[in-house]
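Participant: mind folding the following:
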Amino acid sequence: NYVNLSAEEIILQAAPISFDASTFEIWGALLNGGKLVLLPTQKPSLKELGETLEKYNISTLWLTAGLFHLMVDEQIQSLKGVRQLLAGGDVISPIHAQKLQQIHPNCQLINGYGPTESTTFACCYRVPPNHPVDKSIPIGYPISNTQVYILDNNLQPVPIGVPGELYISGDGLARGYLNRPELTAEKFIPNPFVETRYNALRARFANASLQRSKLYKTGDKVRYLSDGTIEYLGRFDNQVKIRGFRVELGEVETALCQHPQVKEAVVIVQNQENIQRLVAYYVSNEETTNTNLTPNLRSFLSDKIPEYLIPSIFISLRELPLTANAKVNRRALPLPDIITSESDFAAPTNFIEITLAQIWTDILRVEKVGINDNFFELGGDSILAIQIISRANQAGIQITPKQLFQHQTIAELAAVVTQTPLIEAEQGIITGFVPLTPIQHWFFEQQKSNPHHFNQAVLLKVKTEINLIYLEKALQELLLHHDALRLRFKHNESGW
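Facilitator: Residues are numbered from 1 along each chain as shown. Model prediction:
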């Protein structure tokens, strides 16, 4: 019910034989009397792939999302004879979908979703010609003989619009992982929505019923849209924490791909010396390849997602690296190079610039900082900005958060900050009389009968054995360091 297969179809067998998509290509043709065309080479270039499509009049084609994007960009004319184009394995770019439909309106684009465990497809969505480019393309509905469930952590169905994990059941479900019983038990769980007695009876006659008794836990985060279609939101195991916030990388990628000058994007987390940064890799349109889009992208994202979701570093690539199965190869993405080249490096020249450069170097964990280097492009964020402001104030340089966000280089910042003399506060023990603070005035105005009995208690449980001598010394040092802990309140004729 998701694709038309008949004796008239000519299908290209482009997927590697070890890739589950090859089962669709091979059996989709042979079981329906169609024609199967084998690729002349195992790893064809885009030009060779395009020539094969035209030479053999391929009518039905399956491509991974990554390869689909490349074909639309480089070989879109070779797709003119394709009547059905299935793409999947990753998120499809709405911009590429629109481009294909505008140039080849007779080609039906189908977004095919399904992990290998469900045999190529579990859900499909026939993309309409008027699909807006600023909205993600849904994965659609479950195909025939397949059941899907969107469940919460308690395996309960979630309402429309509420994210949950996708579970799959049905005839296409695998039996498990070969020689990995523990992983099979973890991922293929009993289906609570099928009656055990009925299922056991049917299992005697058909393996399909046995497969319906299981649910495959995909780990994919999805939700129902108002029209009943399913929207893919990302992976649950792509959730990371940045500065205490949960970050869904797929959410950032989706927002970034909505920028009109971005064709594709991937976001990863970089861990460097206990500092976590979001790094965005993007492929821009041909006419903007020589333009630094970073300021524009950061401004664009600030209107769409919270500040903590905005990547610290943006890296422009000509194309995203792909695996042998034409999926985005995150491991092959180049490491962020935030070291300023010698030709562009401008050294600090005065006290303020030298001090700020040293602070930025320490906080941002970079080798060196020039006065024209951008704070955010070096990996800065709001939390690191707070640290820099604190260190600068300690050095006698007064900076406000607003100034740092408006003047993002040391050269610009040095022109607006103010210098204050360092004040060496008295660090010895303070004794004598002090006036009451406002809160202390309020407390004694309550005229409690036994004010000395007022207390706030907290109980601390320590799992390991405590050295009481060390504990007593630590408490004595606290009393000496914090003068307020040594306050004594006395009542006289004029009050407290």
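Participant: which residues touch Gly33?
Facilitator: Neighbour list for Gly33: 6-7 [criterion: CB atoms under 8 Å, 6 or more residues apart in numbering]. (Glycine included, C-beta is placed from N, CA and C.)
Participant: so where does it fall, helix or strand?
Facilitator: Assessed by DSSP states H and E, Gly33 sits outside every helix and strand.
Participant: what's the distance between it and Gln156?
Facilitator: 45 Å (CB to CB, to the nearest Å).
Participant: for Glu186, same thing?
Facilitator: Using CB to CB, we find Glu186 at a distance of 20 Å from Gln156.
Participant: what do you get for Leu364?
Facilitator: Counting by CB to CB - Leu364 and Gln156 are separated by 45 Å.
Participant: and for Tyr216?
Facilitator: Taken as CB to CB, the span from Tyr216 to Gln156 is 18 Å.
Participant: can you give me the strands in the stretch 51-200 of the chain?
Facilitator: Counting by DSSP state E, counting those that start in this stretch, the stretch 51-200 of the chain has strands at residues 60-64, 84-88, 108-113, 123-126, 141-142, 146-151, 164-170, 188-190.
Participant: closest to Ile10 out of those?
Facilitator: For Ile10, the closest of these is strand 60-64, at 7.1 Å, according to CB to CB.
Participant: just checking, Arg83 touches Ser59?
Facilitator: Yes. Look at Arg83 against Ser59 with CB atoms under 8 Å: they come within range, at 4.8 Å.
Participant: these two: who's more crowded?
Facilitator: Ser59 (21 against 16; other CB atoms under 10 Å).
Participant: run through the residues that contact that one.
Facilitator: 8-11, 81-84.
Participant: give me the buried subset of the residues you listed.
Facilitator: Buried residues within these, counting neighbours by 16 or more other CB atoms under 10 Å: 9-11, 81-84.
Participant: can you list these in JSON lines and add distance to Tyr281 and pLDDT?
Facilitator: Formatted as JSON lines, the buried ones among the contacts of Ser59 follow (distance: CB to CB, whole Å; pLDDT from 0 to 100):
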{"residue": "Glu9", "distance to Tyr281": "37", "pLDDT": "96"}
{"residue": "Ile10", "distance to Tyr281": "36", "pLDDT": "97"}
{"residue": "Ile11", "distance to Tyr281": "33", "pLDDT": "97"}
{"residue": "Gly81", "distance to Tyr281": "33", "pLDDT": "95"}
{"residue": "Val82", "distance to Tyr281": "29", "pLDDT": "97"}
{"residue": "Arg83", "distance to Tyr281": "34", "pLDDT": "97"}
{"residue": "Gln84", "distance to Tyr281": "31", "pLDDT": "97"}
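Participant: bridging residues for the closest residue to Gly228 other than its chain neighbours?
Facilitator: Spatial nearest neighbour of Gly228, excluding adjacent residues (CB to CB, 6 or more residues apart in numbering): Tyr141 at 7.0 Å. Beta-bridge pairing of Tyr141 under DSSP bridges involves Cys124.
Participant: same for the one helix or strand Lys47 maps to, what does it pack against?
Facilitator: Per DSSP H and E: Lys47 is located in helix 46-55. In terms of contacts (3 or more CB pairs under 8 Å, 6 or more residues apart in numbering; DSSP states H and E), helix 46-55 is packed against helix 65-74.
Participant: quick one, the helix it packs on and helix 46-55 angle?
Facilitator: Counting by axes from the mean of the first three to the mean of the last three CA atoms, to 10 degrees, helix 65-74 lies at 80 degrees to helix 46-55.
Participant: hmm, who's touching helix 65-74?
Facilitator: 46, 49-50, 63, 78-79, 85, 87-93, 96, 99-100, 263-264, 319-320, 322, 326-328.
Participant: Gly172 and Asn145 touch, don't they?
Facilitator: Yes. Contact criterion CB under 8 Å: Gly172 and Asn145 qualify, at 7.0 Å.
Participant: apart from its neighbours in sequence, what residue is nearest Ile58?
Facilitator: The shortest distance from Ile58 to any non-neighbouring residue, by CB to CB, 6+ apart, is to Leu12 (4.7 Å).
Participant: past the helix or strand that contains that neighbour, which element shows up next along the chain?
Facilitator: Per DSSP H and E: Leu12 is located in strand 10-13. Counting by DSSP H and E, the element after strand 10-13 in chain order, helix or strand, is helix 21-30.
Participant: list the buried ones in that following helix?
Facilitator: 21-26, 28-29.
Participant: pull the most distant pair out of these.
Facilitator: Once CB to CB is applied, the buried residues of helix 21-30 give Ala21 and Ala29 as the farthest pair, at 13.1 Å.
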